[in-house]
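Student: sequence plus the predicted model coming up.
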Amino acid sequence: MGVNQATLVLIKPDGLKKSLTGNILTRLSETKLEIVAAKIVRVSRELAVEHYVHLQGQLFFEELIRYIIGELHDRKKVLAMVYWGEDAIEKVRKLSGATNPEEADPVSIRGAYGRITTKGIYENVIHASSNENEARREIQLWFYPDEIIVELYPTREAVEREVQKRMWVK
Ligand code: IDP
Ligand code: MG
């Protein structure tokens, strides 16, 4: 029996543009893991850079940022989700396949749907956290505690004053 884990999954802008959401969710359902958070996000440059902070300095970094923001696909959104359950990180990584879509197992999600652009960007349709530290960092970057329906990490109470928010007109 493995331990219960949480992992961040992003369906990247190419996945959304190619209408692959349903197919990818169906593939992920093979894992029998539970979706405990989900939202569509318009990714800011700040969030993109923070998400890929470990790749800063790579030659492909700027294009990678443009990719995850959606500038390469005219589809400025990603679907962000948290999957939860036994060995979630490894199960989702395995199903996603290798980083390079041409080297990924052809029946994996990246092997089936990914491509390498002429500029050399790996458009691999899905992001999945690769270990527990990364999962925690990423989940806390993309979600507030109350957007997740299980208790994953310690929280603190904070009162935010004078935060400007848009509300529905009544
Ligand atoms: P991962 O997504 O499999 O965890 P990372 O090394 O964390 O791989 O890289 C993040 C993303 O950056 C990849 O999913 C891919 O889109 C892109 N990427 C990584 N390495 C390369 C590369 O060598 N060339 C082009 N794009 C890359
Ligand atoms: Mg990674």
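Tutor: Yes, it's here. Ligands and ions are numbered 1, 2, ... in the order given.
Student: in contact with N100, which residues?
Tutor: Contacts for N100 were tallied using Cβ atoms under 8 Å, 6 or more residues apart in numbering; they are I116, Y122, N124. Bear in mind the C-beta positions are built from the backbone N, C-alpha and C, glycine included.
Student: out of the residues you listed, which are buried?
Tutor: Y122, N124 (16 or more other Cβ atoms under 10 Å).
Student: what about ligand 1: which of the contacts of N100 touch it?
Tutor: Restricting these to those near ligand 1 by Cβ under 6 Å from any ligand atom leaves Y122, N124.
Student: among the contacts of N100, which ones are in strands?
Tutor: Counted as lying in strands by DSSP state E, out of the contacts of N100, are I116, Y122.
Student: will you turn the contacts of N100 into CSV that also has pLDDT and distance to V163?
Tutor: Output for those, formatted as CSV (pLDDT from 0 to 100; distance: Cβ to Cβ, whole Å):
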residue, pLDDT, distance to V163
I116, 97, 42
Y122, 98, 38
N124, 98, 36
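Student: closest one of the contacts of N100 to W142?
Tutor: W142 lies nearest to N124 out of those, by Cβ to Cβ, at 18.2 Å.
Student: and that closest one, its phi and psi?
Tutor: Dihedral angles of N124 (phi, psi; degrees, to the nearest 10) stand at phi -110, psi 20.
Student: once you drop chain neighbours, what's closest to G2?
Tutor: D87 (3.7 Å; Cβ to Cβ, 6 or more residues apart in numbering).
Student: what about E103, which helix or strand?
Tutor: Using DSSP states H and E, E103 sits within no helix or strand.
Student: burial count for it?
Tutor: E103 has 13 neighbouring residues, counting by other Cβ atoms under 10 Å.
Student: ok, now D146?
Tutor: So D146, with other Cβ under 10 Å, has 8 neighbours.
Student: wait, a strand at it?
Tutor: No: using DSSP: H, G, I helix; E, B strand; the rest coil, the assignment for D146 is helix, not a strand.
Student: from ligand 1, how far off is it?
Tutor: Noted for D146: a distance of 27 Å to ligand 1, by Cβ to the nearest ligand atom, to the nearest Å.
Student: and what of E46?
Tutor: Taking Cβ to the nearest ligand atom, one finds E46 at 17 Å from ligand 1.
Student: ditto for E134
Tutor: Per Cβ to the nearest ligand atom, E134 is found 8 Å from ligand 1.
Student: same thing with G97?
Tutor: Counting by Cβ to the nearest ligand atom, the gap from G97 to ligand 1 is 9 Å.
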